[in-house]
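Trainee: Sequence first, predicted coordinates after that:
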Amino acid sequence: MIHCCFTSHQEVMFRSPQDVGFFLNLLALTSWKYGVDIFADTEMSNHVHLLLFSSDKTETRLSVGPYSKTVTKPGFDRDGSILYSDSNQLSDFVSALRKRYTWYFTEKYQRDCGGRMGEKYYFSLIIEGNYHMISACSYVLRNGLHHGVSGTSFMYPYSSINDMFIPELGKTDRPYQGNRNPDEKWLEEQDQDRNGKPAIGISDIEPIHNEDAVKSYLYNERAATFRNCRNDIDLCGIIDRCILPEFKSPSIYQLSRDKRESIKRILINDFHVSDSQASRCLWL
């Protein structure tokens, strides 16, 4: 199992629920093509978390022009030594997924700036041990809660948690949301895996985490900051449906920077959103 994450901190990747829907269809098609099995996923506005499986050696039938051929793609060394190689299954899968989604987003929103959406590199980490897997899965499925945009992990709509915990497994309309183990407990549990590997905590899940970010995530675990706040995708819907018509523009990407700054002031003053959230949704 691999934990994979790619980010786009300067601009949102999803501006509507339809964008997420398109991405999920693309995720399914791309994972089938490259022989990658998706175990869990969460789509945040500016980054995506995936837990995926890959065998060491996968045969995949690919269509090449009018013909089809069977190609053998390399998997992963047991120690992860080729994880960041330019010619392995995970790299090909992530590259194809991001490239095709960028084409869709660029066409739909007339994104004339062109180029790749988001940061060049993606993060990936091999999951080793049952408790490491539980910790990684908990982190991915509760990401909306971590970022303070939902009161419980089940309230965030763009996560596979609501597909995994279905009514037949005991989920109700108001699911019980027990306290997740704190980061220290995660580390203690992973010692039981006895695989000789260092335990993985929240600060290790992604390399961008610092001490303040970890404290914020643990604070949000108690839903202490949730006050029915508006997530980025909802805010982008307000911009695209309600504000852009006043500027007679089909897309924020067709507006000058001055006009986007004007919309930013509207969002901050009238909708009481943060400066950073308004900037992400307006590509500022």
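Mentor: Thanks, I have the structure now. Residues are numbered from 1 along each chain as shown.
Trainee: use CA for all of it now, contacts and neighbours both
Mentor: Noted.
Trainee: Flag the shaky bits of the stretch 1-150 of the chain, pLDDT-wise.
Mentor: 55-87, 114 (pLDDT under 70).
Trainee: which other residues reach whatever helix or strand W32 lives in?
Mentor: Per DSSP states H and E: W32 is located in helix 17-33. Contact with helix 17-33 is made by 14, 37-38, 43, 60-62, 93, 96-97, 100-101, 105, 158, 233, as judged by CA atoms under 8 Å, 6 or more residues apart in numbering.
Trainee: quick one: the strands in this protein?
Mentor: 2-7, 37-43, 47-53, 57-64, 67-74, 123-126 (DSSP state E).
Trainee: Give the other helices and strands that the shortest one contacts.
Mentor: Counting contacts by 3 or more CA pairs under 8 Å, 6 or more residues apart in numbering; DSSP states H and E, strand 123-126 is packed against strand 2-7.
Trainee: Which neighbours in the sheet does the strand it packs on have, and how are they oriented?
Mentor: strand 47-53 (antiparallel), strand 123-126 (antiparallel) (DSSP bridges).
Trainee: And those: which comes nearest V149?
Mentor: strand 47-53 (14.0 Å; CA to CA).
Trainee: quick check: angle from the closest one to helix 17-33?
Mentor: Interaxial angle, strand 47-53 versus helix 17-33 (axes from the mean of the first three to the mean of the last three CA atoms, to 10 degrees): 30 degrees.
Trainee: and this structure, what are its domains?
Mentor: With domains defined by automatic domain parsing, the chain comprises 2-221, 232-282.
Trainee: Mind putting these into TSV with mean neighbour count?
Mentor: As requested, these are arranged in TSV below (neighbours: other CA atoms under 10 Å):
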stretch	mean neighbour count
domain 2-221	16
domain 232-282	16
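Trainee: just checking, what's the longest helix in this protein?
Mentor: helix 89-108 (DSSP state H).
Trainee: Show me what it is packed against.
Mentor: helix 17-33.
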